[in-house]
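Asker: please work out how this folds:
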Amino acid sequence: MSKLQKQIDKSQSTQEIEQKINTLQMSRSIMQQHQNEQQNYIVMIDKSELAQASISKVDEWLQILGDSLKQIATKELRNIIRDTEEYEKALKGEMGAIEQLKALLNVITEIKNKSMDMEFRIVEVQEQFRVLKMYDYTIEEEVQKEVECLMTNWEDLLEFADRKDFEVNDFKKSFSEVTKTEVEAFKVKIVEEYEKYMSHGPGTLSVQLDEGCELLAQSKEQIRRFNRTREENVLAEKLFNLPISKFPELVAMEEMNKKYDLVYNIYKEYTGQMKDFALGSWNKLDAAQLIAAASKFESLVKKLGNKLPGADGMFPYTKLREQVTGFKESLPLIEMLKNPAIHERHWKRIMEETGKASGEINLKTMTLGKVFELELQHFEDKVTEICVEAGEEARNEENLQQIEHTWKITNFSIAEFALKGSDQKGYVLKSPDDIRQTLEDNILVLQSLSANKYVRSIKARVTQWERDVNIISDVIDIWMITQNKWKYLESIFASDDIKMQLPEEAKKFGRTDTAYKKIMESVNHSSNVLHNAVKADGGSRLADLKNISLDLDKCQKSLSNYLETKQMAFPRFYFISNDDLLQILGSSSPQAIQPYLLSLFDNCKKLVFGKGDKQIIGMVSDEGEEYAFEAPVKPDGSVEDWMNKIDDEMKSSLNLITKKAVFNYAKADRVEWIKGEIGMVAVVGTQIWWTFSVEDVFRLVAKGNNKAMKDELAKETI
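Answerer: Okay, here's the model as predicted:
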């Protein structure tokens, strides 16, 4: 499409088109009159081709303008002829019923109302065809006649309308009464609908918002129909020159609907948003989106409240505000429920509290819609309580899991133990002080958990762990006691001499020893404390260790009875410990007695053995003094027997040595005598002779020798 054509379409004013045609006509005339040749110094310029091309282009533009104007004029001509014919046809229609009369009167009124406008249209068309004719554009003869008859035809139509209007005057009187009746009936219907609207319409208290949306749509449709009827009635009243009726109830309903429409539009947007959220997965909840939506709708509701006068008295508005506010108030609760500590059991309790219980709960498939249905804002205290409980339960669970983890990685420390009389090695537990400290800490934690009011969900596990840690504590206690007994008795019963002397006890210990070593072998293979103390051997470890301890106690008692017989046979054995005595009894060498002589005999450090340890021939004191037995003792038979013989020989030999020393005291020099005797003998001999000398002094004094005591003193201090 050319630029000229676009300008014509943009502005279809006849005056503008005529101006363009006139301008082009003048331009064409000038170009035709202009010389085609022009001398420029020595050059002759021929412009004939340019002039001819320009004239052709102008002719083309003139044709476009003429065609466009003709098209516009012809189109409007047809429209006027069509409108005139339709009005004429309507005026010639039958007139029997009131509706037909109303239609006729409407046509008459419309003709009269549009008379001036129609005349302007006719004049415009005639002007357009005048321009076309003036500039020699082709106009069909038939079309030209139609243009010339336009105004006459319209004037004839106006006259015909006036005649028809006069003819229906009698009908107006009869039909005006019918119109009055219809209007009154319509007013009654409007009042009835208004009362119904006020009692159960979209703005009443008993109507929920979802139902209100439907009622509002129904009311708007009904009011649309009422308005159409009202317009028809008002038009009829105008046609019959009746007073125009007013319908205040209809206007009131329409005005209220406009207000309610603002409320329900926000509500529909709100519910649409909530439905979108409701389809989302609970696990993928975006709290920021919910908060943004809540703030948005809260702002919309607040702005609407400021915009609508008396909004606080409108039930739909207050319900919407309550719902939006409730949603916003529920968001902190929803965020609380996103805590990982909230599990299915907590959701089940929440649903029970809200009265929305619905069977099994699967958090992986649960949607936000399910959460919205709970209306959490109405149960804030309960939801908060359950969330707090879940948090405490999570902390309790964490503490319990820490205990469980601790005992998964806590192991006994094992040490090798050299078995006496064997190349093999056994195993013993190292000090379990660290384990005992862990036990004490865990017992305190478990006691705290057990007393916690939020322990319900893990109560069974806490109870089980209380039992387990107590079992571990008991097992460690009995284990260390048993281990000490076993180590003590193992070193004793490893002796072949003890086995020979206590064959039955040795057999019993052997069985107990095997059972204990088996336990220690299993501990060395898997040293986890919980497994070995609670779970091993079907959970019988505590009972097994108690039985082993009892068996070791029996062996110990048998051993103690055995030692008692030895001590009774040689009472000096009471002066040494059972362990020392066992060392003596457990050795086949008589030399084993040597380390314990200072405890058995006063100041006797060792015995003097003859060649090959076949005889015991004397004793040596702690200071190194030595004396020989008068009769050597053979260390044959039981140790208590030959120790009794040594005891007897000691006393007999010392008695004889003392007698000889006392006898020789008077013959020898006192200093030399002391040097020649062992200390105890010298002390005893000296005391005997001192006593004799003192008694002799008393006899001399009694006989009258007054200097006897002084002489004796002088002799003793020399």
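
Asker: low-confidence ranges, the protein, go.
Answerer: Along the chain, the model assigns pLDDT under 70 to residues 1-12, 32-48, 50-51, 94-102, 105, 166-176, 238-241, 357-359, 420-424, 718.

Asker: how does it divide up, domain by domain?
Answerer: Annotated domains of the chain cover 3-167, 413-568, 570-693 [automatic domain parsing].

Asker: dump those to a markdown table, plus distance to residue 247.
Answerer: To be clear about C-beta, it is placed using only N, CA and C from the backbone, and glycine gets the same treatment. Below are those laid out as a markdown table (distance: least, Cβ to Cβ, whole Å):
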| stretch | distance to residue 247 |
| --- | --- |
| domain 3-167 | 19 |
| domain 413-568 | 67 |
| domain 570-693 | 123 |
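
Asker: how about residue 416, phi and psi?
Answerer: Note on residue 416: its backbone torsions stand at phi -80, psi 150 [degrees, to the nearest 10].

Asker: adjust the sequence numbering to begin at 42 for everything that follows.
Answerer: Shifting the count to begin at 42 puts that one at residue 457.

Asker: and the strands in this protein?
Answerer: Using DSSP state E, the strands of the chain run over residues 78-81, 84-87, 455-459, 466-470, 645-650, 657-662, 667-674.

Asker: kindly reformat those as a markdown table containing mean neighbour count and distance to residue 489.
Answerer: Output for the strands of the chain, formatted as a markdown table (neighbours: other Cβ atoms under 10 Å; distance: least, Cβ to Cβ, whole Å):
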| stretch | mean neighbour count | distance to residue 489 |
| --- | --- | --- |
| strand 78-81 | 9 | 119 |
| strand 84-87 | 9 | 117 |
| strand 455-459 | 13 | 33 |
| strand 466-470 | 17 | 29 |
| strand 645-650 | 18 | 62 |
| strand 657-662 | 19 | 67 |
| strand 667-674 | 16 | 71 |
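
Asker: so can I have CSV of those showing distance to residue 387?
Answerer: Converted to CSV, the strands of the chain look like this (distance: least, Cβ to Cβ, whole Å):
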stretch, distance to residue 387
strand 78-81, 105
strand 84-87, 103
strand 455-459, 45
strand 466-470, 44
strand 645-650, 82
strand 657-662, 87
strand 667-674, 89
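
Asker: wait, which of the domains of the chain is closest to residue 238?
Answerer: Proximity to residue 238 (Cβ to Cβ) singles out domain 44-208 among the domains of the chain, at 29.1 Å.

Asker: one step back: of all the domains of the chain, which lies closest to residue 356?
Answerer: Closest approach to residue 356 among the domains of the chain is made by domain 44-208 (41.6 Å; Cβ to Cβ).

Asker: how far out from the middle of the chain is the closest one?
Answerer: Distance, stretch centre to chain centre, for domain 44-208: 81 Å (Cα atoms, centre = their mean, to the nearest Å).

Asker: go through the chain and flag its longest helix.
Answerer: helix 89-132 (DSSP state H).

Asker: helices or strands up against that helix?
Answerer: Applying 3 or more Cβ pairs under 8 Å, 6 or more residues apart in numbering; DSSP states H and E, one finds that helix 89-132 contacts helix 44-51, helix 55-74, helix 139-154, helix 156-175, helix 182-208.

Asker: hmm, who's touching stretch 366-385?
Answerer: 315, 326, 328, 331-332, 335-336, 338-339, 388, 391, 402-404, 412-413, 416-419, 421, 424-425, 428, 431-432, 434-435 (Cβ atoms under 8 Å, 6 or more residues apart in numbering).

Asker: show me which residues of it are buried.
Answerer: 368, 369, 371, 372, 373, 374, 375, 377, 378, 382, 383, 384 (16 or more other Cβ atoms under 10 Å).
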